[in-house]
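A.B. asks: show me the folded form of this:
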Amino acid sequence: MAVERLAGGSKKGVYRLVMDDATTAIAYLWAASENYWPAAEGDDDLTDPFSPGLGLDLFAAAHARLHALGVRVPELRLLDRDGVHGPTELAIVEDLPGRNLEALLARDPRAAAPVMDRFGEALEAMRSHRAPAYGKVAVVDGGGTSRGTSCEGVVLDRALRDLAGAAARDQRIARARDRLEERLLALAAAVRPRTEYAAVHGELGPDHVLVDQAGHPVVIDIEGAMYFDVEWEHVFLRIRLHDAYRPLAVDGLDEDRLALYTLAQRLALTAGPLRLLDGGFPDRSAMAAIAEYNLTEALALL
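C.D. replies: Residues are numbered from 1 along each chain as shown. As a prediction, this is how the structure comes out:
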């Protein structure tokens, strides 16, 4: 058997396994040595919906929920919680070699159109699901509760932390910190209460959607899946897809939540990459570019 490390993962190792009969599978390995993110207080607090999505239990719960909703996810081959087949928690899933949605949209938008239609159907299945509480799928489906009192409150707290982190690493954010904080507080104050939540991926960019041989979208990197405001998902999709987002647009989204979550995600996409660059992440130029772009966009929202 041959093992090939795949690029892209920042929280877990992703490897292609090539068997002696030439069949392949993908291994996910959750180990400290595979996590490029510098440790931070609260990383292991699963009651925080935005704490890192690390570990086999989060993956398995998210996989079960999305599969039950009819969302295509990689088929499971093996779950190893006890380190029987490796040094730490391990999942083996089907291999879907070839293109992801990001590459397909860039190369052939016309060929991507039916994939986007099916992707929209998957998003609708997730949006239509209702949960009585917000938080990580593993927490809520396990009967637990999450910190805070509302999605918008959790987002505001996270955005203020991201603002502080970005200000400590970039003088442009530091100079605008007071104005950005005032804007966040004003946007959060305008949001009306809500008591039902949808299933969301959390970071559903086109690089987290593979395309199988039948042209169906397959959602990956699912450990961060949670029950939350659907607006959080659609803000992320808008940011990542730009004009290609149009086929996924839906009616009835809360404009006040969209405004708050847009600024919050711009700050997260500034602070997160800057923090990741504190460690040994290998693709440093790409991460720096993400931080720079979103920093500019955050300041433009003032």
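A.B. asks: pretty sure residue 294 sits against residue 266.
C.D. replies: Yes. Assessed by Cβ atoms under 8 Å, residue 294 is found in contact with residue 266 at 4.9 Å. The C-beta positions use only the backbone N, C-alpha and C, and glycine is treated the same way.
A.B. asks: and the strands in the stretch 201-302 of the chain, which stretches?
C.D. replies: 209-211, 217-219, 226-228 (DSSP state E, counting those that start in this stretch).
A.B. asks: highest average neighbour count across the ones you listed?
C.D. replies: strand 226-228 (a mean of 26; mean count of other Cβ atoms under 10 Å).
A.B. asks: could you pull up the mean pLDDT of that strand?
C.D. replies: Strand 226-228 shows a mean pLDDT of 98.
A.B. asks: just checking, what packs against it?
C.D. replies: Counting contacts by 3 or more Cβ pairs under 8 Å, 6 or more residues apart in numbering; DSSP states H and E, strand 226-228 is packed against strand 135-136, helix 137-141, strand 198-200.
A.B. asks: list the buried ones in whichever helix or strand residue 16 is part of?
C.D. replies: Secondary structure from DSSP states H and E places residue 16 in strand 13-18. For strand 13-18, burial by neighbour count (16 or more other Cβ atoms under 10 Å) applies to 13, 14, 15, 17.
A.B. asks: would you confirm that the last one contacts residue 94?
C.D. replies: No. With contacts defined as Cβ under 8 Å, residue 17 does not count as touching residue 94, sitting 11.2 Å away.
A.B. asks: shared neighbours, those two?
C.D. replies: 25, 26 (Cβ atoms under 8 Å, 6 or more residues apart in numbering).
A.B. asks: so who does the most centrally placed residue in the chain touch?
C.D. replies: In the chain, the C-alpha nearest the mean C-alpha coordinate belongs to residue 203, at 2.1 Å (Cα atoms, centre = their mean). By Cβ under 8 Å, 6+ apart, the contact list for residue 203 reads 221, 224, 236.
A.B. asks: that one and residue 82: what is the separation?
C.D. replies: The gap separating residue 203 from residue 82 is 29 Å, by Cβ to Cβ, to the nearest Å.
A.B. asks: for residue 159, same thing?
C.D. replies: In terms of Cβ to Cβ, residue 159 sits 38 Å off from residue 82.
A.B. asks: show me which of these two is the more surrounded one.
C.D. replies: Using other Cβ atoms under 10 Å as the criterion, residue 159 and residue 82 rank with residue 159 on top: 27 against 8.
A.B. asks: give me the distance between the residue lying closest to the more buried one once chain neighbours are set aside and residue 10.
C.D. replies: In space, residue 159 comes closest to residue 264 once its chain neighbours are excluded; the distance is 3.9 Å by Cβ to Cβ, 6 or more residues apart in numbering. For residue 264, the distance to residue 10 equals 20 Å [Cβ to Cβ].
A.B. asks: repeat for residue 225
C.D. replies: 17 Å.
A.B. asks: for residue 78, same thing?
C.D. replies: With distances taken as Cβ to Cβ, residue 78 is found 23 Å from residue 10.
A.B. asks: for these two, indicate the residue with more neighbours.
C.D. replies: Between residue 78 and residue 10, counting by other Cβ under 10 Å, residue 10 is the more crowded of the two (18 against 12).
A.B. asks: which residues sit in contact with the more buried one?
C.D. replies: Neighbours of residue 10 in contact, by Cβ under 8 Å, 6+ apart: 35, 36, 37, 276, 281.
A.B. asks: residues touching the second one, list them.
C.D. replies: I take that to be residue 36. 10, 11, 276, 279, 280, 281, 282.
A.B. asks: which among those gets closest to residue 103?
C.D. replies: residue 10 (19.2 Å; Cβ to Cβ).
A.B. asks: so where does that closest one fall, helix or strand?
C.D. replies: Using DSSP H and E, residue 10 sits in no helix or strand.
A.B. asks: check residue 92 too.
C.D. replies: With DSSP H and E as the criterion, residue 92 is inside strand 90-94.
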